[in-house]
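Novice: need the 3D shape of this:
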Amino acid sequence: MNAKQTVPLAVTVAPAIAAAPAIIIVGAIGFGIVWLIKNAFAGGKTQSPETKQETSRPPAPVISAGVKPGPPPVVKKLITRADMATIFDNGKRTLSRTAAVAALRRLGFGRSAAYAALSPDGRFSSWLVCASDGIIYWTDEQ
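Specialist: Predicted coordinates:
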């Protein structure tokens, strides 16, 4: 063959392509044999799934599809007119804003919700009288 002549790529790669399936099969068989021998001579070093669970942490709870794990949903508790009347003892009691917020918090409401309920232009503004000295009065008249 002349030095200027070249052999097509398909002719040079063809033997390697023909041998590829045989190489893959022999490699898989060899890997399987090595794995079997390794596990057979491991002695008592490997653990079955039953003993592995006993020595490790407890299994995770089973979660059904579509349900996200986590804490139960928080049920929002809204401040009602009756709650406001309770903390002001139906108008017999006057409170500062911080004392009224503390009283609402003792009833189980959040701080932000309590301040929003006690604002001069909030939901209960028609029943609340906010004095200039910061004292809040409750009235049943609208």
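Novice: how about the strands in the protein?
Specialist: In the chain, the segments counted as strands under DSSP state E are 95-96, 128-130, 135-138.
Novice: buried sites along the longest one?
Specialist: Spelled out, that is strand 135-138. 136, 138 (16 or more other Cβ atoms under 10 Å). In short, each C-beta sits where N, CA and C put it, glycine included.
Novice: before we move on, what about the second one?
Specialist: Going by neighbour count (16+ other Cβ under 10 Å), the buried part of strand 128-130 is residue 128.
Novice: measure residue 109 to residue 90 for me?
Specialist: Distance of residue 109 to residue 90, given as Cβ to Cβ, to the nearest Å: 19 Å.
Novice: more neighbours: those two, which one.
Specialist: With neighbours defined as other Cβ atoms under 10 Å, residue 109 and residue 90 compare such that residue 109 has more, 20 against 12.
Novice: so who does that one touch?
Specialist: Counting by Cβ atoms under 8 Å, 6 or more residues apart in numbering, residue 109 makes contact with 77, 79, 83, 117.
Novice: check residue 79 and give its pLDDT.
Specialist: Note on residue 79: pLDDT of 92.
Novice: quick one, what contacts it?
Specialist: Residues in contact with residue 79 (Cβ under 8 Å, 6+ apart) are 104, 109, 113, 114, 117, 123, 124.
Novice: mind putting these into a markdown table with pLDDT and distance to residue 36?
Specialist: Below are the contacts of residue 79 laid out as a markdown table (pLDDT from 0 to 100; distance: Cβ to Cβ, whole Å):
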| residue | pLDDT | distance to residue 36 |
| --- | --- | --- |
| 104 | 93 | 71 |
| 109 | 91 | 67 |
| 113 | 92 | 67 |
| 114 | 92 | 70 |
| 117 | 92 | 73 |
| 123 | 89 | 75 |
| 124 | 90 | 78 |
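Novice: and the residues you listed, which are buried?
Specialist: For the contacts of residue 79, buried by 16+ other Cβ under 10 Å: 104, 109, 113, 114, 117, 123, 124.
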